[in-house]
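In: could you look at this predicted model? Sequence included:
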Amino acid sequence: MSTGEDLNALDDATFRATVRDWIEKNYPPEIRNPTKRLHFAENKPWYLALSKKGWLAPGWPREHGGMGLSATKQLIMTEEFERHGCARLNDHGMTMLGPLLIRYGTEAQNARFLPKILSGEHIWCQGYSEPGAGSDLAGLSTEAVLDGEHWVVNGQKTWTTMASDANWIFMLVRTDKTVKKQEGISFLLVPMDVPGVTVRPILNLERHDDFCEAFFDNVRVPRENLVGEVNQGWTMAKTLLGFERIFLGSPRQASYALSRLELLAEHMGLADDAVFRDRHAQFELDLADHNTLFASFVARLRRGETLGADVSLLKISQSELFRRITDYMLEIAGENAALIEPIEGNRDLNPAGLFLQARPSTIYGGSSEIQRNIIAKNVLDLPG
Amino acid sequence: MDIESDQTATDEERMETIRMLRDSAAGFLGSDLGRVRRLRFQDPGFDRSTWREMCGFGWLSVRIPEAQGGLGFGMQEYVALAAELGAALVPEPLILVGLSARCLPQEYLPAVLSGDRIILPAWQEEAGTLADAPRQTTFDGRKLIGEKRFVMHARGADAFLVTTMSGLALVEAMASGVSLTAEQTQDGGHYGTLRFDGAVANAIPDAPFDAAVADATLASAAYLLGLSERAFRMTIDYLKIRRQFGKPVGAFQALQHRAVDLYLELALTRASVENAATTIDSNVSGSQQRAAVSRAKARASRCASLVCREAIQLHGAIGYTDEADIGLFLRKAMTLINHLGSERAHRARYVALMKVA
């Protein structure tokens, strides 16, 4: 399916130069360094440019339309996107559902859904959290009941990021209430543009509408839209959370923030301040070490190993570094820390915006507290 | 729950005054944040009729001597009031107009203290600087030339008290040669940038500007203290009601310890703020007073930042929504932690002053 050349053959420096050059020539300048998460209507030209180039899914195998890139090269690509200030895409299809389908989907499901992720025809969102099931995700209560050849879905999902852009949602639903809570959950693919689905945006602290609530009222879904076996959803979801943790553990946010911290310091006349230099050096070393750790996890994944619960380390490390860098931005920004808009209209100088964006990174995708619980229990084998 | 105040004042009457001031402020302000929410992102960001009521209670007059029509209270009283203002996230510019009022001659005061005229201080020319930083704005006794930045609430002002290379000058907001642009701030208010292009102004000689700035800085620290204490209480309440895994999340020891760490930070902040107030009310040297104020503002800024960041994390996803009130506290803290001097700036000043002392 992929017509793109195999870039793994290039040495890293040539690969980096190739990626950088292509981004500079093809990235739409009007959406460079966006101060908010862009909607699909805004990032679509970039989505389609990557799609046409065959660069939307660096981590997918080439036979499924991905780039099949090595861990190191994926990392280089991420760095180059961040360096240029590329917008984040509506990427749930590429980073989460795609890898899950490649692993658990039927051939028919893969043939039906993967190409449409790559073409941008299907924009996916994730239906996991519910008002009563956040950290305790397995306590979810949205249910799907089989009625002939259809599942009938009723319930409410929340914090469904970019749901207002999506035409499909992959969701966890309760299909058995009589067993242990983890053992009665299934993984279902549900179209959003059908009767019974209602989406309401929620304003976040930046007063942007990235996330939504989604309501399901007797939504009928064909039986074949269930992925894997009935009541096996939790196991698969955990795998997906593993992918998400890899993705959320990628250094892109911290790396972006650190480059902007340097610019902010220059603006504030602190670039040569000894205290600033020392703090900056600490962050720089934290990031370099995180990058190495991240690359080692990605390499394991590429070798076909299944990642253990220790992948949570990446998510904690990246999100908390991102948060610390932006905390420090507020410390040095003076009165600019109060501003809603970037300093003097320069989108590279947006300390308050970045500070606010860093807040939920330690909450979504499993909070730092939950990640620590997972490691304590499943890696360190502590009692309780 | 509240951290007990360790009042060094032994005067029973004074304690009673502070208690009454605190109770009447809390009673008037109430606990509902609907008013504060509605005033956000609307010009001028506060309500002029509420402003007049607050002036009627004498909240603007706390530090003005009785001979000049004020209440003549000490800094301990002012700090108690300011903490209540912070707990209620009051958007009205009491602390800043209070700064101006301390500097103005008698003939200007009645209109200001009654709430008829809002006169805001305009001293800053660069981000991250303190009020005694060198300034470029010039005043020849008649005309002002220069630029002032980060003038909070500027669109609500009738006049500005401007620092210049040759003393203070009072200029009308509508005077020709004055132009104002504004940028929105996280709390729903704004910062103004003022440009003076030969605007006619009046000299304000012999003003106790440094003392007035010290008062306002400490009041701002107290405001941040009150804000942080309430954000903390709201978070504790949430930890008791939010249930996951079949129990309140506050039952998890990891979260209990985090809550206690915040409680400790609040105790340190209250101690520092009250110590600075006592210092100003005493007869110690000016540099010791200023050092105590810098210590308190550095601590309060650090505390508000820490408590509000942790409050969001402990609320989880709901804390990141605009509809949750805890976000109002974070956004006000983002606006005030570096206002009237950041933690960095005050820490540096503290060290410099202690070397002299």
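Out: Received, thanks.
In: indicate the residue of the stretch 251-384 of chain A located nearest to chain B.
Out: Chain B sits closest to A:G334 of the stretch 251-384 of chain A, with a gap of 3.0 Å, by CB to the nearest CB. In this view, the C-beta of every residue, glycine as well, is placed from N, C-alpha and C.
In: the stretch 101-250 of chain A: strands as residue ranges?
Out: According to DSSP state E, counting those that start in this stretch, the stretch 101-250 of chain A carries its strands in the segments A:124-127, A:143-147, A:150-161, A:168-174, A:185-191, A:197-202, A:211-222, A:226-227.
In: one more: the stretch 201-350 of chain B?
Out: Secondary structure of the stretch 201-350 of chain B (DSSP E, counting those that start in this stretch): strands located at B:202-204, B:243-244, B:247-248.
In: save those strands as CSV, and put in mean pLDDT too.
Out: Supplementary listing: the strands of the stretch 201-350 of chain B in CSV, determined by pLDDT from 0 to 100:
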stretch, mean pLDDT
strand B:202-204, 98
strand B:243-244, 96
strand B:247-248, 96
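In: want to throw those strands into a markdown table with distance to B:A345?
Out: Supplementary listing: the strands of the stretch 201-350 of chain B in a markdown table, determined by distance: least, CB to CB, whole Å:
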| stretch | distance to B:A345 |
| --- | --- |
| strand B:202-204 | 25 |
| strand B:243-244 | 41 |
| strand B:247-248 | 41 |
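In: closest one to chain A among the ones you listed?
Out: Per CB to the nearest CB, nearest to chain A of these: strand B:243-244, 4.0 Å.
In: so how far is that closest one from its chain's centroid?
Out: Averaged C-alpha coordinates place strand B:243-244 at 37 Å from its chain's average position (CA atoms, centre = their mean, to the nearest Å).
In: contacts for that strand?
Out: For strand B:243-244, the surrounding residues in contact (CB atoms under 8 Å, 6 or more residues apart in numbering or on different chains) are A:134-136, A:139, B:249.
In: do stretch A:260-275 as well
Out: Under the criterion CB under 8 Å, 6+ apart, external residues in contact with stretch A:260-275 comprise A:276, A:280, A:283, A:325, A:328-329, A:332-334, A:336, A:343, A:348-351, A:354, B:127-128.
In: number of nearby residues for residue 112?
Out: No chain in the question, so chain A it is. Neighbourhood size, A:R112 [other CB atoms under 10 Å in any protein chain shown]: 16.
In: chain B, not that one
Out: For B:V112, the count of nearby residues is 23 (other CB under 10 Å).
In: hang on, it in a helix?
Out: Yes: judged by DSSP: H, G, I helix; E, B strand; the rest coil, B:V112 forms part of a helix.
In: without its sequence neighbours, what residue ends up closest to it?
Out: Computed as CB to CB, 6 or more residues apart in numbering or on different chains, the closest residue to B:V112 that is not its neighbour in sequence is B:A101, at 5.3 Å.
In: now do the SS call for the closest residue to B:G58 other than its chain neighbours.
Out: The spatially closest residue to B:G58, leaving aside those adjacent along the chain, is B:L71, at 5.0 Å (CB to CB, 6+ apart). B:L71 falls in the coil class when you classify it by three-state DSSP.
In: before we move on, the earlier item: TSV for the strands of the stretch 201-350 of chain B, including mean neighbour count and distance to A:N33?
Out: Supplementary listing: the strands of the stretch 201-350 of chain B in TSV, determined by neighbours: other CB atoms under 10 Å in any protein chain shown; distance: least, CB to CB, whole Å:
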stretch	mean neighbour count	distance to A:N33
strand B:202-204	17	45
strand B:243-244	16	37
strand B:247-248	12	42
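In: hmm, back to that, among the contacts of stretch A:260-275, which lie within helices?
Out: A:276, A:280, A:283, A:325, A:328-329, A:332, A:351, A:354 (DSSP state H).
In: give me every residue in the stretch 51-200 of chain B lying close to chain A.
Out: Counting by CB under 8 Å from any CB of the partner chain, the residues of the stretch 51-200 of chain B close to chain A are B:124, B:126-129, B:149-150, B:183-187, B:191.
In: rerun that using 10 Å as the cut-off
Out: If contact is defined as CB under 10 Å from any CB of the partner chain, the residues of the stretch 51-200 of chain B in contact with chain A are B:124, B:126-129, B:149-150, B:152, B:183-191.
In: narrow those residues to those in strands?
Out: Using DSSP state E, the subset of these located in strands is B:149-150, B:152, B:183-184, B:190-191.
In: dump the residues you listed into a markdown table; add pLDDT as well.
Out: Written out in a markdown table, the entries for those read as follows (pLDDT from 0 to 100):
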| residue | pLDDT |
| --- | --- |
| B:R149 | 98 |
| B:F150 | 98 |
| B:M152 | 98 |
| B:E183 | 97 |
| B:Q184 | 97 |
| B:H190 | 98 |
| B:Y191 | 98 |
